[in-house]
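Visitor: Got a predicted structure here, sequence first:
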Amino acid sequence: MTLPMGRAMREVFGETVSALADDDQRIVMLDGDLGTSTRAEIFARAHPERFLEMGIAEQNMLGVAAGLASAGMIPFVSTFVAFAVVRPLDQIRVLIAQPRMNVKIIGSYAGLFVGAAGKSHQVVDDVAIMRAMPGMVTVSPADDVETEQVLRWAAAYDGPVYVRLVRDATQRLFDGGYAFEAGKAVIVRAGADVTLISTGAQTPRVVDAADLLAGRGVDAHVLHVPTLKPLDVPAVVAAAERTDFVVTVEEHTVIGGLGGAVAETLGDQRPTIVKRLGIADTFGQSASNADLLDLYGLSPERVAEQVIALLADAGRR
């Protein structure tokens, strides 16, 4: 059964950080002239005195955020991933990560869904960049429920955090009883034939793929990894031990992201066959969300097809 749709992560972002600022005067929002798109505008309306419009000057914006953090504030930086990670990377590394400043970098419009803006805005290597940076906690929530909890956790955590949010409404994976725990992965479907490990908004699509696989006689075990760094090593090892065949699936390049993290971990802890599904060594392009998912093999149907083929190639089907 296809999972129901939830709310857009960007709406949850604006509302949640605004609500947190109601109770914590240290919280400020820095926007890179994209507040109407990222919904930082919700914060601007609620707390205009703590909303800083920094314009199209992202290197400066990250530097100002570091300065505010050094003065005891809790800055949330809001812009597209292309401008939150890639353009100001040197400022993030030198001014935020190295001195471990308490800055929350919220990268909106992550992955493929950027409103048909194409390859200039589609950043599919941000997880690889940020998880490789010493001290940078990297989180990719699956849905609106988890997004709110991740943001509340990030505000309370003392240190730099990168949160990866997608543009459009996503399928809802969790209900009101879910509790996000930083650094912990979550089993969302138990199975015995193949382990599927995913992160972010791709995980609900992987759950749908697992349902399709069940219809073809494959019992998939699905592990959701919201915190890419620090990675839940025991959970990854246990998931590999369950089936002895791992397939990672991510709306990100297969180089250095979740697949890389899982392969590194299992290579060190428990050698296991790991196959990585995601975006190959290529840039994106403009198309509808559905067409992009199909093109890059990330729709539930395409994921299920690829898993079946991988199992057959390994003699497990």
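Guide: Here it is on my side, so go on. Residues are numbered from 1 along each chain as shown.

Visitor: list the buried ones in stretch 227-236?
Guide: Within stretch 227-236, the residues scored as buried using 16 or more other C-beta atoms under 10 Å are 227-229, 231-233, 235-236. Quick note: C-beta positions are derived from backbone N, CA and C, even for glycine.

Visitor: so how far is the first residue of it from its last?
Guide: 12 Å (C-alpha to C-alpha, to the nearest Å).

Visitor: Run the chain-centre distance for it.
Guide: 14 Å (C-alpha atoms, centre = their mean, to the nearest Å).

Visitor: Please enumerate residues in contact with that stretch?
Guide: 127, 130-131, 136-140, 182-185, 187, 197, 199, 223, 225, 257-258, 261-262, 265-266, 269 (C-beta atoms under 8 Å, 6 or more residues apart in numbering).

Visitor: Show me where the stretch 151-300 of the chain has its helices.
Guide: 202-214, 233-243, 258-269, 289-295, 300-313 (DSSP state H, counting those that start in this stretch).

Visitor: between the ones you listed, which gets nearest to Asp31?
Guide: Of all the helices of the stretch 151-300 of the chain, it is helix 289-295 that lies closest to Asp31, at 25.0 Å by C-beta to C-beta.

Visitor: Measure how buried Asp313 is and give me the count.
Guide: As a burial measure, Asp313 scores 10 neighbours (other C-beta atoms under 10 Å).

Visitor: Pull up the gap between it and Pro204, please.
Guide: 26 Å (C-beta to C-beta, to the nearest Å).

Visitor: coming back round to it: so can I have a markdown table of the helices of the stretch 151-300 of the chain showing mean pLDDT?
Guide: Putting those into a markdown table (pLDDT from 0 to 100) gives the following:
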| stretch | mean pLDDT |
| --- | --- |
| helix 202-214 | 98 |
| helix 233-243 | 98 |
| helix 258-269 | 97 |
| helix 289-295 | 93 |
| helix 300-313 | 97 |
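
Visitor: Out of those, which is the most enclosed?
Guide: helix 202-214 (a mean of 24; mean count of other C-beta atoms under 10 Å).

Visitor: Compute the inter-axis angle for it and helix 258-269.
Guide: Helix 202-214 and helix 258-269 are oriented at 80 degrees to each other (axes from the mean of the first three to the mean of the last three C-alpha atoms, to 10 degrees).

Visitor: mind listing what Phe51 touches?
Guide: So Phe51 contacts 28-29, 31, 40, 43-44 (C-beta under 8 Å, 6+ apart).

Visitor: Identify the bridge partners of it.
Guide: Judged by DSSP bridges, the bridge partners of Phe51 are Met29.

Visitor: Nothing else from me, thank you.
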